[in-house]
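K.L.:
need coordinates for the below:
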Amino acid sequence: MPFTYRYCPQCAHPLEERLVSGRVRPACPACEYVHYRDAKVGAGVLVTRGDELLLLLRPRHDVFGPGTWGLPAGFLEFDESPREAAAREAAEETGLQVKIGRLFGVYFYTDDPRGNGVFIAFQATALDGELHPQADEVAAARWFPLDALPENLSGGGHGQAIKEWRERQ
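P.N.:
Residues are numbered from 1 along each chain as shown. Reported below is the predicted structural model:
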């Protein structure tokens, strides 16, 4: 279950569930603050090499999807665009500098215990660097040919994007 405020972040009064804008939401009876539960926004890249796709294996201690294969990706910081986040995450997780290309797809997901979200996937080209997975976030990095993609794909929109990539080839 995603985190829910119990106290008002403006005045510290206990929040109550109240009908606001057609939905029941945590609201403050003292200062009228309403907490809107927003979807998380993530961005990632489909880095290809010929008919191969770069995928990363989530480590065993991963909060979401341990032992599954996904794309270089992560959540947006409050002050960055989806393209900036995708490039940053690719560099952090793989050691590769990438050129962000066209928008590949946008995917809504409900399978993350941290909350629902939107995953924005971009096509990307590796420019510089050597493939060195970030040890604390990535158990392995591997190029998969189109005809040998793993079945244990990550959720959070990753599996949706990977399957769509395979269908488009």
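
K.L.:
break this protein into its domains for me.
P.N.:
1-37, 40-168 (automatic domain parsing).

K.L.:
possible to save those domains as a markdown table with mean pLDDT and mean neighbour count?
P.N.:
Every C-beta, even on glycine, is put in place using the N, C-alpha and C of the backbone. Formatted as a markdown table, the domains of the chain follow (pLDDT from 0 to 100; neighbours: other C-beta atoms under 10 Å):
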| stretch | mean pLDDT | mean neighbour count |
| --- | --- | --- |
| domain 1-37 | 92 | 12 |
| domain 40-168 | 94 | 17 |
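
K.L.:
Gly101 contacts Gln123, correct?
P.N.:
Yes: Gly101 lies in contact with Gln123 (C-beta atoms under 8 Å); the separation is 3.9 Å.

K.L.:
what helix or strand is the residue positioned nearest the centre of the chain on?
P.N.:
Most central in the chain under C-alpha atoms, centre = their mean is Gly42, positioned 3.7 Å from the mean C-alpha point. Per DSSP states H and E, Gly42 falls inside strand 40-49.
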